[in-house]
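J.: fold the following.
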Amino acid sequence: MDRRFRILTLLSLMLLPAASILGQGPASSPAQVRVQREVMHELLMLPYFGVFDDIEYQVNGDVVTLMGSVTRPTLKSDAENAVKHIEGVSRIDNKIDVLPPSPMDDQIRIALFRAIYGFPSLEKYSLGVQKPIRIIVKNGHAELDGAVDSEADKDTAGIRANGVSGVFSVANNLRVVPS
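T.: Now for the predicted structure:
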């Protein structure tokens, strides 16, 4: 049960509202807190939201700003459609970047997935449907987003990613969130 709790904690932290990530204060009202929770829930329920996609959000009053990168154009519109029906949301600012289709980037994504999630000390992050380490690849440049338990796991993921053939650069943006 402890392991499942840690994974759920990592998953919820992975999609923290961008407001807290960017250093802004917490939600100012109970209504805004409710909207933030509902936005996170709706985004997590998107059927094609996978390890190669990263969606973050910010709630400012009745405006929700969606940010991040996705591999499918339909996921960008699905995210907007899932959030726009939430009570208390009047406008969506969809700044999600759709990654260009590239067979080379697809090969790099798979190689990065195997290098990170197949490594013994990082296998614990492969449990569950939503993976806490997000792998974003654009034109051969990789970015790791999400949350891990320790600085050692963050460093290991970065080292494993840097060792993948064909990757031009790796930005390790993983956050350490002790369980």
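J.: hey, let's count contacts and neighbours off CA atoms from now on
T.: OK.
J.: quick one: neighbours of the nearest residue to residue 139 once chain neighbours are set aside, just the number.
T.: Of all residues not flanking residue 139 in the chain, residue 105 sits nearest, at 6.4 Å (Cα to Cα, 6 or more residues apart in numbering). Using other Cα atoms under 10 Å, residue 105 has 21 neighbouring residues.
J.: can you verify residue 105 is assigned to a helix?
T.: Yes. Counting by DSSP: H, G, I helix; E, B strand; the rest coil, residue 105 is found in a helix.
J.: residues contacting it?
T.: 137, 138, 139, 140 (Cα atoms under 8 Å, 6 or more residues apart in numbering).
J.: out of the residues you listed, who has the most neighbours?
T.: Greatest neighbour count in the contacts of residue 105, by other Cα under 10 Å, goes to residue 137: 28 neighbours.
J.: bridged to that one, which residues?
T.: residue 142 (DSSP bridges).
J.: so who does it touch?
T.: Neighbours of residue 137 in contact, by Cα under 8 Å, 6+ apart: 52, 99, 105, 108, 109, 143.
J.: one more: residue 101?
T.: With Cα under 8 Å, 6+ apart, residue 101 has these contacts: residue 71.
J.: which SS class is it?
T.: Classified using three-state DSSP, residue 101 is coil.
J.: need the pLDDT of it.
T.: Looking at residue 101, its pLDDT is 94.
J.: again with residue 156
T.: Value listed for residue 156 in the pLDDT field: 97.
J.: for it, give its distance to residue 117.
T.: Distance from residue 156 to residue 117, counting by Cα to Cα, to the nearest Å: 11 Å.
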